[in-house]
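Visitor: Need the 3D shape of this:
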Amino acid sequence: AATGWLALLSACLLAVHFERGFWVAATVAMVVEPGLGASLRNCALRLQGSVVGACFGFTALALTAQAEALPRDALLVTAYSLWTFGCAFVRAASATVSYAGLVAAFTPALMLLANECGGIGSRRATSAGLADGADCELRHLDASSLALDRIQFTLAGIVCALAASVLVFPVDAPR
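Guide: Modelled structure (predicted):
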């Protein structure tokens with residue numbers, strides 16, 4: 001309990017300074033375990049899943065950035081459905097990387113929903129009266145910032161979790 005409290009406290013203090021800083025606290029909440037070894041394993045799998053999922057999310061958003069709204073949404077939903085199926089297969093096929101598969105599956109969904117300009121159902125860019133070229137460029141820039149934010153905030157959460165784990169449980173318990 002002390003590890004989780006210390007890790008979440010540090011994550012929340014860090015998170016309040018960033019627009020998507022809640023990803024720091026979410027990472028901490030999911031990776032802290034009552035032992036350094038278990039926390040290290042969860043951190044590694046969380047990072048793997050976040051990087052792979054963020055790369056897919058960025059690629060999907062960047063490739064569909066110039067499509068019309070309805071075909072873009074259909075393409076994103078189709079691509080994400082296939083991606084989720086692949087991630088579910090990875091989870092079922094390997095218990096050792098199951099958590100990474102889960103994180104890789106939901107990371108693009110977070111990015112698609114958080115993409116204010118180009119996310120499914122978003123109307124911000126079109127209601128702002130942006131020209132088509134500016135609209136597409138803005139979506140592309142937002143996709144890259146979402147991917148980088150996801151990876152950076154996951155890393156920040158991992159640092160908070162590992163620092164708390166090392167302070168509270170400096171040596172892993174014998175098996």
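Visitor: residues touching the closest residue to S144 other than its chain neighbours, list them.
Guide: Leaving aside its chain neighbours, S144 sits nearest to F58 (6.2 Å; criterion: C-beta to C-beta, 6 or more residues apart in numbering). For every residue, glycine as well, the C-beta is placed using N, CA and C. F58 makes contacts with 111, 143-144, 146-147, as judged by C-beta atoms under 8 Å, 6 or more residues apart in numbering.
Visitor: where's the dip in pLDDT among these?
Guide: Among those, A143 has the lowest pLDDT, at 78.
Visitor: Next one: the residue nearest to S144 relative to A147, how far apart?
Guide: 4 Å (C-beta to C-beta, to the nearest Å).
Visitor: quick one: contacts for the closest residue to L155 other than its chain neighbours?
Guide: Among residues not flanking L155 along the chain, L47 sits closest, at 7.0 Å (C-beta to C-beta, 6+ apart). By C-beta under 8 Å, 6+ apart, L47 lies in contact with 154-155, 158.
Visitor: Going by distance to L63, which of those residues wins?
Guide: Of all the contacts of L47, T154 has the smallest distance to L63: 23.1 Å, by C-beta to C-beta.
Visitor: Check which element follows the helix or strand that F58 is a member of along the chain.
Guide: If you go by DSSP states H and E, F58 is part of helix 36-63. Downstream of helix 36-63, the next assigned helix or strand under DSSP H and E is helix 69-93.
Visitor: Flag every buried residue along that next one.
Guide: 72-73, 76, 79-80, 83-84, 87, 90-91 (16 or more other C-beta atoms under 10 Å).
Visitor: cool, and stretch 2-12?
Guide: 3-4, 6-8, 10-11.
Visitor: mind listing what the spatially closest residue to T84 that is not a sequence neighbour touches?
Guide: The shortest distance from T84 to any non-neighbouring residue, by C-beta to C-beta, 6+ apart, is to A105 (5.1 Å). Counting by C-beta under 8 Å, 6+ apart, A105 touches 49, 53, 83-84, 87-88, 91.
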